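>>> predicted model follows, preceded by the sequence.
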Amino acid sequence: MTAAATLAVRTGGGSRQLIGTGALLRFNLRRDRVVVPAWVAVTGLLVLSLPGSLKSVYSTPAQRAGIAHQMLTNSSLRATYGPVFSDSLGGLTAWRIGGYAAILAGIMSLIVVVRHTRDEEESGRQELISSAMVGRGAPLTAALLTALDANSALALLIWGGLAGQGSAGALALGLGIGGVGMVFATLAAIVAQFTDSGRLAKGLTGGLLGAAFVLRAVGDSTTTNGSSPATWISPIGWLENLRPFAAERWWVLALFAAAALVQGVLAYELAGRRDVGMSFFPARPGPAHGRLGTAAALAWRLQRGSVLGWSLGFLAAGVAFGGITKGAADLVGDNARTREIIERMGGQSGIQNAFLATMVGLFGMLAALYAVASVLRLYSEETGGRAEPILANAVGRLRWAAGHLVIAFGGAVLIMLLSGLGLALGYGADLGPLLAAGLVQLPAIWTLGALAVLLHGLSPRLAPASWAAAGLALALGWIGPALNLPQAVLDISPFGHLPKLPGGDMAWGPVVVLTVIAAALVAVGLTGLRRRDLTT
């Protein structure tokens, strides 16, 4: 609110600039009453589940001290997780999950802010709202307050849930994760001023979030105490250097507050200098005689940036995780519980093959998020009113949908091949088995993407629920084995039925069954899309 009030005074509008903020905030919270609490709960529970899992794996102080020493001496693992500053259960929790929870908080925050700012302007609703008694700064203020509420709830959940490991450390971890979220919330508010598309604003801010993770990884690979300049440039590195559960550096919280305040003031300044619905870098008009002669060509034009970004990200991640595979055996050592978890995730075919299979499975679950996002481009095109003008021409609904589905399902093939290539390059293994392992994940990826097709085809209001299915599959595959969940629960995810490659035996039955299920879901979804009315 301080940033909003400062801008209001500077622009001469006084409190009138914030009229209607309360009503818009209540409206935002009502719209997000399901998605945001679910995101907060899942992120918080991922953090809270770690102490019990770590205690079962490293049950003695000597074992915990040993894993901390291994982290300090392995630059690849430091790049992945960061250095360990304390071998207590709280300290290992902050090391293992803190950075990834911060990424989830950042994604949540940027989605919330863009949804309630640029998306509203893009749809034309903001112009209608602004015609009422709503101040110029009220929409942005309400969006940032919505993000602040979400991050505050996440911080409180982590603080309360981990207080038994040390109240001060739990508070520091919660505030640090929430602080990362607010840094990217205000950054998204700035990016939204320069783009005329909510999708582009989310993509650019997400790219900056990825760059922050890379900077932190590069810095930590060269130092053992988080002192690299690259680490200090990254907000995720600030969380690391806050050192929860390890003689907390409370002054680091000032970096989060200062960054959020400065970026917030800049976002208000920029918002006050442009018209509603416009941007500082508007889209350029296309050529007079364009080359978008088919629905498929338009779909490719709309999604090519996403395909490129996911492809490069999977290739780079494959190289990184392939590089740490050689140290997997040293990391596990003679810890039977750790070996059991990795083998449960990746199959009992030797620790390095099991680790590679685990990484391939993780890439598959992340690729399912790509597939769902790509399919749901149909949802955004329809609800944004852009599908109707296309379908008013000589373009059928099935043809229009097919262009996006080819990119969704074909793009999944591409990024899984690139992840296998990256693993082979990083590990120095034969390319063939890792490419095959990546391709085996496709039926499960396609099944989750096909579920999104089904839900959207039946009713666009159901389409966002496909994110819950993809998130559940990711949660079961990521933390289910560590929590020792029954196999029947793990089998809820389609990934639980796939053969564990490389190293395991190939089983064609589940692959064929999942492929048939995916095809059936797509067929039913397209039938529903063809028969129902478009959403306006």
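Thanks, I have it. Numbers count the residues shown, from 1 in each chain.
>>> now Gly207. Nearest residue, chain neighbours left out?
With CB to CB, 6 or more residues apart in numbering as the criterion, Gly207 has its nearest non-adjacent residue at 6.8 Å, and that residue is Gly309. Using the backbone N, CA and C atoms, a C-beta is placed for each residue, glycine as well.
>>> how far is the helix or strand harbouring the one you found from where the chain is centred?
Element membership for Gly309, per DSSP states H and E: helix 295-325. In this view, helix 295-325 has its centroid 14 Å away from the chain centroid, taken as CA atoms, centre = their mean, to the nearest Å.
>>> on that earlier part again, does the residue nearest to Gly207 touch Ala211 like I think?
No - look at Gly309 against Ala211 with CB atoms under 8 Å: they stay out of range, at 11.7 Å.
>>> which one of those two is surrounded by more residues?
Neighbours per residue, other CB atoms under 10 Å: of Gly309 and Ala211, the larger number sits with Gly309, 16 against 12.
>>> report the separation between that one and Ser374.
12 Å (CB to CB, to the nearest Å).
>>> again with Phe355
Going from Phe355 to Ser374 by CB to CB gives 29 Å.
>>> what does Gly272 give?
Gly272 is 36 Å from Ser374, where distance means CB to CB.
>>> neighbour count winner among those two?
Per other CB under 10 Å, whichever of Gly272 and Ser374 has more neighbours is Ser374, with 26 against 17.
>>> and the gap between the more buried one and Ala470?
12 Å.
>>> same question for Asp505.
27 Å.
>>> poorly predicted segments of the stretch 151-300 of the chain, please.
Along the stretch 151-300 of the chain, segments meeting pLDDT under 70 span 275, 277-293.
>>> and the helices in it?
Along the stretch 151-300 of the chain, the segments classed as helices by DSSP state H, counting those that start in this stretch run 167-194, 198-222, 229-233, 235-242, 253-271, 295-325.
>>> now those helices as a markdown table including distance to Asp32?
Formatted as a markdown table, the helices of the stretch 151-300 of the chain follow (distance: least, CB to CB, whole Å):
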| stretch | distance to Asp32 |
| --- | --- |
| helix 167-194 | 13 |
| helix 198-222 | 15 |
| helix 229-233 | 31 |
| helix 235-242 | 23 |
| helix 253-271 | 20 |
| helix 295-325 | 23 |
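>>> for these, which one sits closest to Arg530?
With distances scored as CB to CB, the stretch of the helices of the stretch 151-300 of the chain nearest to Arg530 is helix 295-325 (14.4 Å).
>>> give me the buried positions along that closest one.
By 16 or more other CB atoms under 10 Å, the buried positions in helix 295-325 come out as 295-296, 298-300, 302-303, 306-307, 309-311, 313-325.
>>> angle of it against helix 198-222?
Per axes from the mean of the first three to the mean of the last three CA atoms, to 10 degrees, the angle that helix 295-325 makes with helix 198-222 is 10 degrees.
>>> any regions of the stretch 1-150 of the chain where pLDDT drops low?
Ranges of the stretch 1-150 of the chain meeting pLDDT under 70: 1-15, 71, 74-77.
>>> mind jotting down where the helices sit in it?
Under DSSP H, counting those that start in this stretch, the stretch 1-150 of the chain gives helices at 2-10, 21-31, 35-48, 50-57, 61-73, 75-81, 89-116, 118-123, 125-130, 138-162.
>>> what distance do you get for Ala295 to Ala94?
Computed as CB to CB, the Ala295 to Ala94 distance reads 49 Å.
>>> sorry, that was for Ala230
Distance from Ala230 to Ala94, by CB to CB: 20 Å.
>>> the more surrounded of these two?
Ala94 (34 against 17).
>>> what about the residue nearest to the more buried one when sequence neighbours are not counted, neighbour count?
Once flanking residues are discounted, Ala94 sits nearest to Pro244: 4.3 Å by CB to CB, 6+ apart. Neighbours of Pro244 under the rule other CB under 10 Å: 31.
>>> quick one: Pro244 and Ala172 touch, right?
Yes - between Pro244 and Ala172 there is a contact under CB under 8 Å: 4.1 Å.
>>> measure Val265 to Ala259 for me?
Applying CB to CB, the value for Val265 to Ala259 is 11 Å.
>>> and Ser53, by the same measure?
32 Å.
>>> may I have stretch 162-178 exported as PDB, CA atoms only?
Provided in PDB are the C-alpha atoms of stretch 162-178 (Å, rounded to 0.1, in the frame of the first residue of the first chain):
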ATOM      1  CA  LEU A 162       7.800 -26.300  10.900                       C
ATOM      2  CA  ALA A 163       7.800 -24.500  14.300                       C
ATOM      3  CA  GLY A 164       8.700 -27.800  15.900                       C
ATOM      4  CA  GLN A 165      12.000 -27.800  14.100                       C
ATOM      5  CA  GLY A 166      12.800 -24.300  15.500                       C
ATOM      6  CA  SER A 167      10.400 -21.300  15.400                       C
ATOM      7  CA  ALA A 168      13.000 -18.800  14.200                       C
ATOM      8  CA  GLY A 169      14.100 -20.900  11.400                       C
ATOM      9  CA  ALA A 170      10.600 -21.800  10.300                       C
ATOM     10  CA  LEU A 171       9.600 -18.100  10.400                       C
ATOM     11  CA  ALA A 172      12.700 -17.200   8.300                       C
ATOM     12  CA  LEU A 173      12.000 -19.900   5.700                       C
ATOM     13  CA  GLY A 174       8.300 -18.900   5.500                       C
ATOM     14  CA  LEU A 175       9.100 -15.200   5.100                       C
ATOM     15  CA  GLY A 176      11.900 -15.900   2.600                       C
ATOM     16  CA  ILE A 177       9.600 -18.000   0.400                       C
ATOM     17  CA  GLY A 178       6.900 -15.500   0.600                       C
END
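>>> which positions within it qualify as buried?
Residues of stretch 162-178 classed as buried: 162, 165-166, 169-178 (neighbour count, 16+ other CB under 10 Å).
>>> isn't Ile177 right up against Ala155?
Yes - applying CB under 8 Å, one finds Ile177 in contact with Ala155, separated by 6.6 Å.
>>> okay, the residue nearest to Gly207: pLDDT?
pLDDT, Gly309: 82.
>>> average model confidence for stretch 400-420?
Stretch 400-420 comes out at a mean pLDDT of 92.
>>> with stretch 319-327 instead?
On average, stretch 319-327 scores 73.
>>> ok, stretch 488-507 next?
The model assigns stretch 488-507 a mean pLDDT of 82.
>>> output it in PDB, but only the C-alpha positions, please.
This file holds the C-alpha atoms of stretch 488-507, laid out as PDB (Å, rounded to 0.1, in the frame of the first residue of the first chain):
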ATOM      1  CA  ALA A 488      -2.300 -48.300  -5.000                       C
ATOM      2  CA  VAL A 489      -2.200 -44.600  -4.300                       C
ATOM      3  CA  LEU A 490       0.800 -44.100  -6.600                       C
ATOM      4  CA  ASP A 491      -1.000 -45.900  -9.300                       C
ATOM      5  CA  ILE A 492      -3.600 -43.100  -9.400                       C
ATOM      6  CA  SER A 493      -1.100 -41.300 -11.600                       C
ATOM      7  CA  PRO A 494      -0.700 -42.700 -15.100                       C
ATOM      8  CA  PHE A 495       3.100 -42.500 -14.600                       C
ATOM      9  CA  GLY A 496       2.800 -45.100 -11.900                       C
ATOM     10  CA  HIS A 497       2.100 -47.800 -14.500                       C
ATOM     11  CA  LEU A 498       5.000 -47.100 -16.900                       C
ATOM     12  CA  PRO A 499       8.100 -49.400 -17.100                       C
ATOM     13  CA  LYS A 500      11.200 -48.000 -15.400                       C
ATOM     14  CA  LEU A 501      13.600 -47.200 -18.100                       C
ATOM     15  CA  PRO A 502      16.600 -47.200 -18.600                       C
ATOM     16  CA  GLY A 503      17.600 -50.500 -16.900                       C
ATOM     17  CA  GLY A 504      14.200 -52.000 -16.300                       C
ATOM     18  CA  ASP A 505      12.200 -54.400 -18.400                       C
ATOM     19  CA  MET A 506      10.000 -53.000 -21.200                       C
ATOM     20  CA  ALA A 507       6.300 -53.700 -20.700                       C
END
